[in-house]
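Q: here is a sequence together with a model predicted from it:
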Amino acid sequence: MATTSQSLPLSLAGIEKRFGAVTAIGGVDLAVEAGEFLTLLGPSGSGKTTLLKVIAGFEMPDRGTVRIGQADITRAPPGRRNIGMVFQNYALFPHLTVERNVAFPLAVRHVPRAEIGRRVQEALALVELDGYQARMPSQLSGGQQQRVALARAIVFNPGLLLLDEPFGALDRRLRQQLQEEVRRLQRRLGLTAIFVTHDQEEALLLSDRIAVMNGGAIEQLGPPHEIYARPSTVFAAGFIGESNLWRGTVANAGHDRVTIALDDGTRILAESTATPGPATALVRPERVRLLEDGEAADNRLSVTVEEVSYLGQTQKYLLRSGDRVLTAVWTLAAVAVGRVKAGDTVAVGWQAADVHVIAG
Ligand SMILES: Nc1ncnc2c1ncn2[C@@H]1O[C@H](COP(=O)(O)OP(=O)(O)OP(=O)(O)O)[C@@H](O)[C@H]1O
């Protein structure tokens, strides 16, 4: 298998797909660059799998076009799209050896026998399963089976690789190991990859860009750090990472600083160019700091500690101020174990620059 990739860009324009009264995809435009790792992230029912099936050719869209490179493949059968696929339950052929499983896509493409042998060996080496040629799938662990599935998906140099929750059935450690391997392989081969998950950590870790899906539409598209730091909607903010979200009204707008008035009278100072009107303030838990005596902060609250959870490198605190509960996550280097306990009253604060304002 050549490691020089023939990866291609993918473009979706105006994709719509209905099942009876259900709109699974409600008008999606998306351009994925060659060699890019793009994740479709969203809750159950948001349309991720349907969109992937439209790309793969297992579902026909009611409207819109699918292009790989220059070619319009909207109506092309799945086998003609040159797409590699790994699904959670995309089982290997149980009656075929590892070697014949991986050889399958080459055999159906009438690749000469000698070349098949060489390319299968190369693909198995890439997923670190060289020497497993003669095994049957039943003689492999779940992680090894998914590696064989990955080898089978890349052995024919696909223009595009689709991965639908490929690690869903695996335990956490194996999952992490395979995540790293897939990413390394994808980079090394320069593959264009579209990955479906509802696991936000997995999405943040692996992706060049994330498309946050909600109700059959892409709600936000951007690199992980941008989606985390500057979510464009309350849904995206709540779906990715932990968040403190406070709904209020932007008052006193001007000079890149605004005040957000909450209905209980609390005022939050934020660095933002938001205009007056309803808005939600987002403060990520690691931005909420424990204030030392006399320490100043743009925003300051006296809170009672309700709960402390030890998470290893960090601790998570549930803090109450009146009717409001907020979450803080502090590293052990910043706040030692036992220094702040349930029942304590402490001062916390954060800077105006730590507040992200979502208008609307
Ligand atoms: N074959 C089908 N017939 C009828 N409705 C369908 C069909 N496939 C999907 N749907 C509906 O379309 C919507 C989107 O489903 P889809 O499977 O794409 O979501 P998803 O984001 O992949 O969810 P999950 O994470 O649970 O797999 C859902 O409301 C689903 O019930």
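A: Looks like it came in fine.
Q: any chance you could map the strands in the stretch 201-350 of the chain?
A: 209-214, 217-222, 244-254, 257-262, 267-271, 277-283, 289-290, 299-310, 314-321, 324-331, 345-350 (DSSP state E, counting those that start in this stretch).
Q: and those, which one averages the lowest pLDDT?
A: Note on these: strand 244-254 shows the lowest mean pLDDT, a mean of 88.
Q: partner strands of that strand, with direction?
A: Looking at strand 244-254 with DSSP bridges, its partner strands are strand 257-262 (antiparallel), strand 277-283 (antiparallel).
Q: what's the closest of these to I194?
A: strand 277-283 (28.0 Å; C-beta to C-beta). (Glycine included, C-beta is placed from N, CA and C.)
Q: and the closest one, which residues are buried?
A: Neighbour-count burial for strand 277-283, counted by 16 or more other C-beta atoms under 10 Å, picks out 279-283.
Q: check stretch 27-46 too.
A: For stretch 27-46, by 16+ other C-beta under 10 Å, it's 28, 30, 32, 34-42, 46.
Q: then stretch 337-354?
A: For stretch 337-354, the neighbour count (16+ other C-beta under 10 Å) marks 340, 346-352, 354 as buried.
Q: quick one on the thing from earlier: please work out which of the strands of the stretch 201-350 of the chain is packed deepest.
A: Ranked by mean neighbour count, the strands of the stretch 201-350 of the chain are led by strand 209-214 with a mean of 24 (mean count of other C-beta atoms under 10 Å).
Q: quick one: contacts of it?
A: 30, 36-43, 46-48, 51, 203-204, 218-224, 227, 233, 235-236, 239-240 (C-beta atoms under 8 Å, 6 or more residues apart in numbering).
Q: relative to that strand, what are the paired strands and their orientations?
A: Strand pairing for strand 209-214, determined by DSSP bridges: strand 37-41 (parallel), strand 217-222 (antiparallel).
Q: distance of the residue of the stretch 151-300 of the chain found nearest the ligand from D62?
A: Using C-beta to the nearest ligand atom, H198 is the residue of the stretch 151-300 of the chain that sits closest to the ligand, at 5.0 Å. Going from H198 to D62 by C-beta to C-beta, to the nearest Å gives 25 Å.
Q: who has more neighbours, these two?
A: A direct count of neighbours by other C-beta atoms under 10 Å for H198 and D62 places H198 higher, at 18 against 14.
Q: where's that one relative to G349, distance?
A: In terms of C-beta to C-beta, H198 sits 34 Å off from G349.
Q: mind listing the helices in the stretch 101-250 of the chain by residue range?
A: 113-126, 142-154, 172-189, 200-206, 224-229, 234-239 (DSSP state H, counting those that start in this stretch).
Q: which positions in the second one come out as buried?
A: This points to helix 142-154. 143-154.
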